[in-house]
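>>> Give me the fold of what follows.
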Amino acid sequence: MCERTGQRARNITRHATRALISATVLWALVAAASAADPAQLSGTVAKGVAFLHQAQAPDGSFTGQRGIGVTALAAFAMLRNGASPEEPHVAKGLGSIVASVQETGGIHKPGTFIPNYETCIAICCLQSANADGRYAKIIQGGEKFIRGGQYDETNNKERADLYYGGVGYGGSTRPDLSNTSFFLDALKACGAGPKDEAMQKALVFVSRCQNLESEHNTLPAAAKVNDGGFYYTGVVEKQDSRRQGPEGGLRSYGSMTYSGLKSLLYAGVSKDDPRVKAAVTWISKHYDLTSNPGMGDAGLYYYYYTFAKALDAIGQPVLVDGQGAKHDWRSELTAELARRQQSDGSWINSNTQWGEGDPNLATAFALLSLSYCRVAAAP
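Modelled structure (predicted):
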């Protein structure tokens, strides 16, 4: 009896060991199949960071004439790629951001037309440097400021209103998915979870920016296109041929679809939800690293950033495209950005729309994108 019991125990141990080995091998294969070339990744990042070092102005800013947005993105990019808050270039960048804090709690230059956008990016940057709590008070003030910029009942917008839940650049500007996505990034950085009231209100707006006819979006545009992708905003104040599709609806495009997918996930929408499934189907059909699908080369580096954030958020290391081909997106994104990198370490877009003719901005977006190409340790 004791011998049989002992043998059973040994068998259980053997099976458990085999299962552990199998699981370990499986995770190793997944990591191997979804990891960028470490040497290529580190070398590309190092050259990009070196460019930012020499491009920084004496006051710590980057393209300071445009406000603090580029400065916050550049400092955030260096932090996300392993730089310490004490590293001199990062510290100077953080100092430039802190010097832009306003009495309202907003983090932006006086008179800017984009205070919400700049404050959201600044919050994400400062939070990544806030391990010792040194920026906690500034972040709290910034969070209060951006929450006040969301369209809801506090500024006479009811749920039925197309503005509801959305965030614009600031002031009375109309809400759009890009700014609402940065708003959700900032809330998440501050510790807000899916049940946060502002997150759920934003979900109403985000869902209305998806070309998916459902109880979440009953706008005419959704029925006309209905392809599962996302568009910039459902608040259409005038005809915009750049964003209209042949069906007469609002055309889905890459950077907004990835922003929409990430926003759904941040707001707690399940991967099994039809909205998420439809978005994943769209990006699978339109997988592309040579252009911003639907927009060509406009906003290309911003597209790379939304692409990387969304795929990292959904935890999908390999994406199957519309032809059935498998794509290790981290490896492919790293290789594409390495190919596009200039000899001085920068990136620049020949299409100057959305400011990417500025190498500081394009380089910040590229480095932020690369920061998502490192695979997290397997469980």
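
>>> can you list the residues that contact stretch 164-175?
112-117, 146, 149-152, 157-158, 163, 176-177, 179-180, 182-183, 201-206, 233, 235, 237 (CB atoms under 8 Å, 6 or more residues apart in numbering). The way it works is simple: take the backbone N, C-alpha and C, and place the C-beta from them, glycine included.

>>> Report the mean per-residue pLDDT for stretch 230-238.
The pLDDT scores in stretch 230-238 average 82.

>>> mind listing what's buried in it?
230-236 (16 or more other CB atoms under 10 Å).

>>> Filter the contacts of stretch 164-175 down to the ones in helices?
Of the contacts of stretch 164-175, the ones assigned to helices by DSSP state H are 115-117, 146, 177, 179-180, 182-183, 201-206.

>>> List buried residues within those residues.
Buried among the ones in helices among the contacts of stretch 164-175 by 16+ other CB under 10 Å: 115-117, 146, 177, 179-180, 182-183, 201-206.

>>> Mind putting the buried residues of stretch 230-238 into JSON lines with distance to residue 36?
Converted to JSON lines, those look like this (distance: CB to CB, whole Å):
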{"residue": "230", "distance to residue 36": "27"}
{"residue": "231", "distance to residue 36": "31"}
{"residue": "232", "distance to residue 36": "30"}
{"residue": "233", "distance to residue 36": "34"}
{"residue": "234", "distance to residue 36": "36"}
{"residue": "235", "distance to residue 36": "38"}
{"residue": "236", "distance to residue 36": "39"}
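
>>> Look up how far residue 100 lies from residue 138.
10 Å (CB to CB, to the nearest Å).

>>> quick one, helices of the stretch 151-300 of the chain?
Under the criterion DSSP state H, counting those that start in this stretch, the stretch 151-300 of the chain carries helices at the ranges 177-189, 197-207, 220-225, 254-266, 274-285, 300-314.

>>> most packed of those helices?
Ranked by average neighbour count under the criterion mean count of other CB atoms under 10 Å, those are headed by helix 254-266 at a mean of 28.

>>> tell me the angle of that helix relative to helix 197-207?
If you take axes from the mean of the first three to the mean of the last three CA atoms, to 10 degrees, helix 254-266 sits at 140 degrees to helix 197-207.

>>> related to what we said a few turns ago, which member of the buried ones among the ones in helices among the contacts of stretch 164-175 is positioned nearest residue 325?
residue 177 (28.5 Å; CB to CB).

>>> Next one: the closest one relative to residue 206, how far apart?
7 Å.

>>> okay but residue 320 is in contact with residue 329, surely?
No: with contact defined as CB atoms under 8 Å, residue 320 does not count as touching residue 329 (10.9 Å).

>>> Looking at the two, which has the bigger crowd around it?
Taking neighbours as other CB atoms under 10 Å, residue 320 and residue 329 compare with residue 329 leading, 23 against 13.

>>> isn't that one right next to residue 315, touching?
No: using CB under 8 Å as the test, residue 329 is too far from residue 315 to be in contact (11.9 Å).

>>> Against residue 80, how distant is the nearest residue to residue 48 once chain neighbours are set aside?
Nearest residue to residue 48 in three dimensions, chain neighbours excluded: residue 367, at 4.8 Å (CB to CB, 6 or more residues apart in numbering). To residue 80, residue 367 is 8 Å away according to CB to CB.

>>> More neighbours: which of those two?
Neighbour count, other CB under 10 Å: between residue 367 and residue 80, residue 367 has more, with 28 against 19.

>>> tally of neighbours for residue 343?
Neighbours of residue 343 under the rule other CB under 10 Å: 6.

>>> Surely it is within a strand?
No: counting by DSSP: H, G, I helix; E, B strand; the rest coil, residue 343 is not found in a strand; it is coil.

>>> so where's the stretch 151-300 of the chain shaky on pLDDT?
Low-confidence segments of the stretch 151-300 of the chain (pLDDT under 70): 237-248.

>>> got the CA coordinates for the helix or strand hosting residue 47 in PDB?
Take DSSP states H and E as the rule and residue 47 turns out to sit in helix 38-55. Output of helix 38-55 as PDB, limited to C-alpha atoms (Å, rounded to 0.1, in the frame of the first residue of the first chain):
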ATOM      1  CA  PRO A  38      17.600  42.800 -28.900                       C
ATOM      2  CA  ALA A  39      20.700  44.200 -30.700                       C
ATOM      3  CA  GLN A  40      18.700  46.000 -33.300                       C
ATOM      4  CA  LEU A  41      16.300  47.300 -30.800                       C
ATOM      5  CA  SER A  42      18.900  48.600 -28.300                       C
ATOM      6  CA  GLY A  43      21.000  50.100 -31.100                       C
ATOM      7  CA  THR A  44      18.100  51.900 -32.700                       C
ATOM      8  CA  VAL A  45      16.900  53.300 -29.400                       C
ATOM      9  CA  ALA A  46      20.400  54.400 -28.400                       C
ATOM     10  CA  LYS A  47      20.800  56.400 -31.700                       C
ATOM     11  CA  GLY A  48      17.400  58.000 -31.200                       C
ATOM     12  CA  VAL A  49      18.100  59.000 -27.700                       C
ATOM     13  CA  ALA A  50      21.500  60.400 -28.700                       C
ATOM     14  CA  PHE A  51      19.700  62.600 -31.200                       C
ATOM     15  CA  LEU A  52      17.300  63.900 -28.600                       C
ATOM     16  CA  HIS A  53      20.200  64.800 -26.300                       C
ATOM     17  CA  GLN A  54      21.800  67.000 -28.900                       C
ATOM     18  CA  ALA A  55      18.500  68.500 -30.000                       C
END
